[in-house]
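*Asks:* I would like the atomic coordinates for the input below:
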Amino acid sequence: MREQSVRPKAAFVASVYRHLAAFHIPYMKWFQLNGFDVHAYALPDHGKEEVERIGVVCHDIPFQRSPFQADNLRALKQLTDSFQEESFQVVHVHTPVASVLGRIAAKRSSVPTVLYTAHGFHFFKGAPLKNWLTFYPVERIMAKYTDYLITMNDEDFTRAKRFPVKQEVLFVKGVGVDRSGFSSQSEQRRQETRGKLGISDDGFVIACVAELSARKNQVQLLEALHQLNTSVPVTCLLVGNGEAEEDLKAIVKRDGLSERVQFLGFRKDIPELIEAADAITLLSKQEGLPRALMEGLAAGKPIITTNVRGNRDLVIHGENGYVVELGNVKETVWALEQLISRPDERKKMGMKSRELSCQYDEAFILKEMSHLYEKATQRVAYGVGQEEIG
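*Replies:* A predicted model of the protein is given here:
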């Protein structure tokens with residue numbers, strides 16, 4: 001065993017580093033500013049460099065998305081061995097598989113305080129039966145090893161309140177978004193971005209920032225674009241990559257949508273792309289509380305989204321956008337037509353989005369999380385922790 005550091009330690013655990021880089025850098029910095037050495041555990045990807053850049057110690061763990069893959073047993077052993085060596089005071093876990101393995105490892109290592117942020121339970125109203133049979137009982141069992149369970153939408157919070165957590169179930173509105181990075185008034189930057197993309201000023205642009213996957217359901221958007229009948233030039237920006245990319249490109253080619261759809265892949269200029277758009281869309285089949293829509297709110301854009309948990313928490317139908325039913329292409333076409341044909345209403349909805357974005361501001365969310373972290377670390381300071389395991 002290595003000699004123990006005088007400084008306390010905190011660990012963040014997620015399936016991949018890009019999750020931690022995208023959502024949790026401010027919270028890692030909170031621990032650093034409060035005297036903690038911070039470690040991160042995840043599967044290596046392009047997000048690792050960003051996490052290391054702020055001085056976080058990274059541990060590569062072979063997490064697999066499917067809970068039934070053998071590599072997850074190896075991941076659990078590596079986590080447990082490392083947790084026991086590092087002697088963490090606080091562990092904050094994220095993402096389904098990594099959160100379960102992280103909590104088991106924390107239990108085996110007698111970590112005093114464990115926090116879990118549920119970014120969207122895999123069991124939800126309308127979810128497949130197999131999700132309820134697999135994930136629901138696991139989460140109820142793991143709640144016994146969780147001091148603080150953090151949810152980010154109404155449905156998950158209502159359900160989690162019945163779980164046997166050790167301390168408290170909380171409702172925090174997402175991971176926050178830096179509103180200062182967006183502006184609904186930046187006309188020059190909007191025109192510059194459109195120019196780089198070859199889009200005219202008078203065209204209507206709708207942006208979808210999401211992994212290209214069946215879950216994110218870009219197919220419904222493409223079907224709506226195919227049925228959309230308008231004389232206004234329409235451009236759809238698909239920002240992201242993923243396993244469904246080739247299938248989506250095949251649909252675009254089949255339906256003659258090449259003039260309407262641009263595949264932009266992974267991008268770091270998300271604020272500029274959102275500002276260049278007239279509306280934001282996310283037609284997911286399931287969500288926790290999507291960052292992409294919160295960014296749309298911050299940029300003052302109207303939103304078209306599906307009536308599923310998380311999405312509907314961010315849109316007031318008819319006020320800052322439209323909520324359409326999952327799989328209902330006709331409704332999606334109607335929503336697009338409303339935004340295209342009514343620029344004044346579009347502007348009014350954008351203003352409402354910007355107003356609503358205040359409650360999701362990163363500084364506001366960080367303040368809430370700071371109170372929770374203070375509570376969690378005070379428990380450590382007073383020696384309140386988990387019981388020893390046999």
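*Asks:* When you work out contacts or count neighbours from here on, use the C-alpha atoms and nothing else.
*Replies:* Will do.
*Asks:* contacting residues around stretch 121-133?
*Replies:* Residues outside stretch 121-133 that contact it (Cα atoms under 8 Å, 6 or more residues apart in numbering): 96, 135-136, 155-156, 288, 309.
*Asks:* 10 Å - rerun?
*Replies:* The set of residues external to stretch 121-133 that reach it, using Cα atoms under 10 Å, 6 or more residues apart in numbering, is 95-96, 134-139, 151, 155-156, 159-160, 285-288, 308-309.
*Asks:* from those residues, which would you call buried?
*Replies:* Buried members of the contacts of stretch 121-133, scored by 16 or more other Cα atoms under 10 Å, are 95-96, 135-136, 139, 151, 155-156, 160, 285-288, 308-309.
*Asks:* Identify the residues contacting R312.
*Replies:* Contacts of R312 by Cα under 10 Å, 6+ apart are 153, 287, 289, 304-306, 322-324.
*Asks:* On the three-state scheme, it is what?
*Replies:* The local conformation at R312, judged by DSSP: H, G, I helix; E, B strand; the rest coil, is coil.
*Asks:* measure the residue nearest to L228 when sequence neighbours are not counted to T281 for me?
*Replies:* Once flanking residues are discounted, L228 sits nearest to V333: 5.8 Å by Cα to Cα, 6 or more residues apart in numbering. According to Cα to Cα, to the nearest Å, V333 and T281 sit 12 Å apart.
*Asks:* Neighbour count: those two, which is higher?
*Replies:* Neighbour totals were compared for V333 and T281, and T281 leads with 27 against 20 (other Cα atoms under 10 Å).
*Asks:* can you list the residues that contact the longest helix along the chain?
*Replies:* Of all segments of type helix in the chain, defined using DSSP state H, the longest is helix 362-381. If you take Cα under 10 Å, 6+ apart as the criterion, helix 362-381 is touched by 8, 10, 26-27, 30-31, 34, 89-90, 92, 111-115, 147-148, 150, 167, 170-180, 358-360, 383-385.
*Asks:* Filter those down to the ones in helices?
*Replies:* Mapping the contacts of helix 362-381 onto helices (DSSP H) picks out 26-27, 30-31.
*Asks:* Please give me every residue in contact with the closest residue in space to R18 that isn't next to it in sequence.
*Replies:* Spatial nearest neighbour of R18, chain neighbours left out: G47 (3.9 Å); criterion: Cα to Cα, 6+ apart. For G47, the contact set (Cα under 10 Å, 6+ apart) comprises 16-22.
*Asks:* Buried only: go through the residues you listed for me.
*Replies:* For the contacts of G47, buried by 16+ other Cα under 10 Å: 16-21.
*Asks:* what do V333 and T281 both touch?
*Replies:* When contacts are counted by Cα under 10 Å, 6+ apart, V333 and T281 are jointly contacted by L221.
*Asks:* Spell out the residue ranges of the helices in the stretch 151-300 of the chain.
*Replies:* 154-160, 187-197, 218-227, 245-254, 270-276, 291-298 (DSSP state H, counting those that start in this stretch).
*Asks:* contact partners of the second one?
*Replies:* What it means is helix 187-197. With contact meaning Cα under 10 Å, 6+ apart, helix 187-197 is reached by 183-184, 198-201, 203, 205, 235, 237, 262, 264, 269, 272-277.
*Asks:* What's the ChimeraX line that selects buried ones from these?
*Replies:* Per 16+ other Cα under 10 Å, the buried members of these correspond to this ChimeraX selection:
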select :183,184,199,203,205,235,237,262,272,273,274,275,276,277
